[in-house]
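A.B. asks: fold the following, please.
(chains A, B, C and D)
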Protein chains: 4
Amino acid sequence: MPSIDIDLRFSDLDAYGHVNNATIFSLLETARVRLYQDRFTELMHKGLLFLVAEARCRYLKPISLADRLVIDIEPTHVGRTSFTLGYRLHNGGGLQFAEAETVMVCFDQPAGKPAALPDDFRLLLTSND
Amino acid sequence: MPSIDIDLRFSDLDAYGHVNNATIFSLLETARVRLYQDRFTELMHKGLLFLVAEARCRYLKPISLADRLVIDIEPTHVGRTSFTLGYRLHNGGGLQFAEAETVMVCFDQPAGKPAALPDDFRLLLTSND
Amino acid sequence: MPSIDIDLRFSDLDAYGHVNNATIFSLLETARVRLYQDRFTELMHKGLLFLVAEARCRYLKPISLADRLVIDIEPTHVGRTSFTLGYRLHNGGGLQFAEAETVMVCFDQPAGKPAALPDDFRLLLTSND
Amino acid sequence: MPSIDIDLRFSDLDAYGHVNNATIFSLLETARVRLYQDRFTELMHKGLLFLVAEARCRYLKPISLADRLVIDIEPTHVGRTSFTLGYRLHNGGGLQFAEAETVMVCFDQPAGKPAALPDDFRLLLTSND
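C.D. replies: Presented below is the predicted three-dimensional model:
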């Protein structure tokens, strides 16, 4: 299962002094873009985007600026035009901050509608299992 | 049901040119803070915070900078130490962009643990039904 | 001189509890995009963008979530391919938060180089004086 | 001269597809907080904050998500209650993106006014020259 280390920034904190709850969805995006960046760029050139259709997060512990943040990502479901990514946010040492999920839809921008996942991308996703 | 009008900003857009999926959670926060701001401030002075325990969003239509954005908020469940807010994001003219939900926990910061919702805040929530 | 009212958001605050210094540059962008939005969109369709070449801000008073924020914008210099906008951030009641300036360059994206300001946009800028 | 490597995020991009001009000020903050984090935390416990009194940036080249971003930081002036940091943003390979400057004021929060820089922090700054 791929793991992405995220460098936290002072701007990730909100007025409560912890990483903001909305910012965490931005960090999920950072993690998956970093993981799939080469393929995302290649697909974008073919007019295919991955849009977030659903997102959810369960917050377990607040994250401080001094914390190490690791995000494990795993495809948990692969459909015809969509797939689901599961995330576990932790400090690399047994402390879990949150768990999350995003449903991603493959979207054909010129056609303006969902498209079947390209075969090689599907393979990439399922080989992560 | 309270409705909050949100002024969109250029910085709400991501590289795809639409309001970013994580930013939408930030707009939910904007809406609920604006709705409950007086009470939130008052409670913070007593050491009580509302933390987001869970958040989820289902994205239906992309939001553009030129769109009007209205967020309807409604308490959908009120428990002893937590409550759930439901959100509907739309353009005020029949076009729905997203629907979302956050579970908020009342947290006693000095004590470092969840606390019962203050009676008057509970009343405020249930009178919105 | 045009004045733009900005609705502050909880997410504009940083861990110090005031509107973040970098966020203020984002609010300047919000103000100028709102002011020139119709013309910006029209020019983008012709392949012309306005890029920020320089930006600076002098911070005088911290801005709180409860403050009203008004941004006055005024073109202070109009050149051949660039123009300068001056900003005054205040509460509409005599309290000034900051003053700022951005130098904007008109950029021809297809050609990949600066372009002369379109005549009618130049007129729009100078008529604001 | 200290150099900080910044991991760019998809959320740093704006609708033009490059790192946003306001976000760059946030990245300057990230760099200086990372550089001085231990001392900042220690001073905060004594009630001392460093506030940004002025900030400015000259943008030379747009920054893409695929770019490496390095920020060199150097104190360029150290006064009694304030100091100035100069920044150079580049790709570590000869391509310069921007140059920037922030004037930081040491602020005694309980007293509500500027305070003299602590001697050991002044030493830290001047030893970087």
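
A.B. asks: show me what from chain A comes close to chain D.
C.D. replies: A:6-7, A:9-11, A:26-27, A:29-30, A:33, A:37, A:41, A:65-66 (C-beta under 8 Å from any C-beta of the partner chain). Any C-beta I mention is one placed from the backbone N, CA and C, and that applies to glycine too.

A.B. asks: packing partners of the helix ranked longest in chain A?
C.D. replies: Criterion DSSP state H: the longest helix present in chain A is helix A:21-45. Secondary-structure packing of helix A:21-45 (3 or more C-beta pairs under 8 Å, 6 or more residues apart in numbering or on different chains; DSSP states H and E): strand A:3-6, strand A:48-59, strand A:69-78, strand A:82-90, strand A:96-108, helix A:119-126, helix B:21-45, strand B:48-59.

A.B. asks: and those as TSV, adding mean pLDDT and distance to residue C:57?
C.D. replies: TSV is the format used below for those (pLDDT from 0 to 100; distance: least, C-beta to C-beta, whole Å):
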stretch	mean pLDDT	distance to residue C:57
strand A:3-6	96	29
strand A:48-59	95	33
strand A:69-78	96	30
strand A:82-90	97	34
strand A:96-108	96	34
helix A:119-126	88	44
helix B:21-45	90	23
strand B:48-59	95	31
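
A.B. asks: so how far is residue C:10 from the residue nearest to residue A:20 when sequence neighbours are not counted?
C.D. replies: Spatial nearest neighbour of residue A:20, excluding adjacent residues (C-beta to C-beta, 6 or more residues apart in numbering or on different chains): residue A:14 at 3.9 Å. Going from residue A:14 to residue C:10 by C-beta to C-beta, to the nearest Å gives 7 Å.

A.B. asks: quick check: residues of chain A near chain B?
C.D. replies: Residues of chain A lying near chain B (C-beta under 8 Å from any C-beta): A:16, A:20-26, A:28-29, A:49, A:51-59, A:62.

A.B. asks: now the buried members of these.
C.D. replies: A:16, A:20-26, A:28-29, A:51-57, A:59 (16 or more other C-beta atoms under 10 Å in any protein chain shown).

A.B. asks: tell me, how many residues neighbour residue A:113?
C.D. replies: 10 (other C-beta atoms under 10 Å in any protein chain shown).

A.B. asks: residues contacting it?
C.D. replies: residue A:107 (C-beta atoms under 8 Å, 6 or more residues apart in numbering or on different chains).

A.B. asks: please list the residues of chain A that sit near chain C.
C.D. replies: A:10, A:11, A:13, A:14, A:15, A:17, A:20, A:22, A:65.

A.B. asks: report the buried members of those residues.
C.D. replies: A:10, A:11, A:13, A:14, A:15, A:20, A:22, A:65.

A.B. asks: and the residue nearest to the fifth one when sequence neighbours are not counted, its phi and psi?
C.D. replies: Translated: residue A:15. Using C-beta to C-beta, 6+ apart and skipping the chain neighbours, the partner closest in space to residue A:15 is residue C:13 (4.1 Å). Dihedral pair for residue C:13: phi -80, psi 150, per degrees, to the nearest 10.

A.B. asks: could you do residue A:9 as well?
C.D. replies: Here residue A:9 shows phi and psi, under degrees, to the nearest 10, equal to phi -130, psi 150.

A.B. asks: which ones are touching it?
C.D. replies: Contacts of residue A:9 by C-beta under 8 Å, 6+ apart are D:26, D:27, D:29, D:30, D:33.

A.B. asks: hmm, try it at 6 Å
C.D. replies: Taking C-beta atoms under 6 Å, 6 or more residues apart in numbering or on different chains, we find residue A:9 in contact with residue D:30.

A.B. asks: distance of it relative to chain C?
C.D. replies: 10 Å (C-beta to the nearest C-beta, to the nearest Å).

A.B. asks: what angle sits between the longest helix of chain A and strand A:82-90?
C.D. replies: Relative orientation of helix A:21-45 versus strand A:82-90 (axes from the mean of the first three to the mean of the last three C-alpha atoms, to 10 degrees): 140 degrees.

A.B. asks: number of residues surrounding the closest residue to residue A:110 other than its chain neighbours?
C.D. replies: Spatial nearest neighbour of residue A:110, chain neighbours left out: residue A:47 (4.7 Å); criterion: C-beta to C-beta, 6+ apart. Using other C-beta under 10 Å, residue A:47 has 12 neighbouring residues.

A.B. asks: backbone torsions only: list them for residue A:47.
C.D. replies: phi 90, psi 10.

A.B. asks: per-residue pLDDT, it?
C.D. replies: Here the pLDDT value assigned to residue A:47 is 85.

A.B. asks: is it true that residue A:67 lies in a helix?
C.D. replies: No. Read with DSSP: H, G, I helix; E, B strand; the rest coil, residue A:67 is coil and lies in no helix.

A.B. asks: tell me how many other residues surround it.
C.D. replies: 19.

A.B. asks: name the nearest residue to it, ignoring sequence neighbours.
C.D. replies: residue A:91 (5.6 Å).

A.B. asks: isn't the one you found up against residue A:64?
C.D. replies: No. Using C-beta atoms under 6 Å, residue A:91 is not in contact with residue A:64; the gap is 10.0 Å.

A.B. asks: residue contacts, the residue nearest to residue A:26 when sequence neighbours are not counted?
C.D. replies: Nearest residue to residue A:26, sequence neighbours excluded (C-beta to C-beta, 6+ apart): residue B:22, at 3.9 Å. By C-beta under 6 Å, 6+ apart, the residues touching residue B:22 are A:22, A:25, A:26.
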